[in-house]
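Student: Next one to model:
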Amino acid sequence: MPKATASKTTATPDLPEPDNYESALQELEGLVARIESGQLPLGDMLAAYQRGAVLLAFCRGKLEAVQDQIKVLDEGQPKPWASEE
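Tutor: Residues are numbered from 1 along each chain as shown. This is a model prediction of the structure:
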């Protein structure tokens with residue numbers, strides 16, 4: 001039985017990595033809104049979900065890198081946030 005080729009909407013395109021955390025977060029928020037609207041065809045919804053997973057991993061990686069840098073700056077001792085009163 002021949003394999004069906006994936007259509008453009010269901011294929012996972014090799015989209016470029018986001019330039020920075022902010023652009024990744026903005027794209028992710030847009031994808032979530034489109035998915036939650038319920039107006040996407042199933043194939044588009046799957047592609048949006050897959051792209052969202054990539055963006056989420058990118059954002060988490062950036063946040064972890066910043067946390068590691070903060071630990072170095074604080075000499076390995078995490079400091080609690082001071083609340084302003």
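Student: Got phi/psi on Leu40?
Tutor: Phi and psi for Leu40, reported as degrees, to the nearest 10, are phi -80, psi 140.
Student: For it, give its distance to Leu56.
Tutor: Distance of Leu40 to Leu56, computed by C-beta to C-beta, to the nearest Å: 18 Å. For glycine as for every other residue, the C-beta is placed from the backbone atoms N, C-alpha and C.
Student: CA atoms only: put stretch 14-24 into CSV for me.
Tutor: Taking Å, rounded to 0.1, in the frame of the first residue of the first chain, the C-alpha atoms of stretch 14-24 are listed here in CSV:
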residue,chain,number,x,y,z
ASP,A,14,11.1,23.6,9.0
LEU,A,15,10.3,27.0,10.4
PRO,A,16,13.1,29.2,11.6
GLU,A,17,14.0,29.4,15.2
PRO,A,18,12.6,32.6,16.8
ASP,A,19,15.0,35.5,17.1
ASN,A,20,14.4,35.9,20.8
TYR,A,21,12.3,35.0,23.8
GLU,A,22,9.8,37.8,23.2
SER,A,23,9.1,36.9,19.6
ALA,A,24,8.7,33.3,20.5
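Student: how about it: buried residues?
Tutor: Pro18, Ala24 (16 or more other C-beta atoms under 10 Å).
Student: Likewise for stretch 54-62?
Tutor: Within stretch 54-62, the residues that qualify as buried by neighbour count (16+ other C-beta under 10 Å) are Val54, Leu55, Phe58, Cys59, Lys62.
Student: For the protein, give me the ranges with low pLDDT.
Tutor: Scanning the chain with the threshold set as pLDDT under 70 gives 1-13, 76-79, 83-85.
Student: residue ranges for the helices of it, please.
Tutor: Along the chain, the segments classed as helices by DSSP state H run 21-37, 42-73.
Student: How far off centre is stretch 66-77?
Tutor: In terms of C-alpha atoms, centre = their mean, to the nearest Å, the centre of stretch 66-77 is set 24 Å apart from its chain centre.
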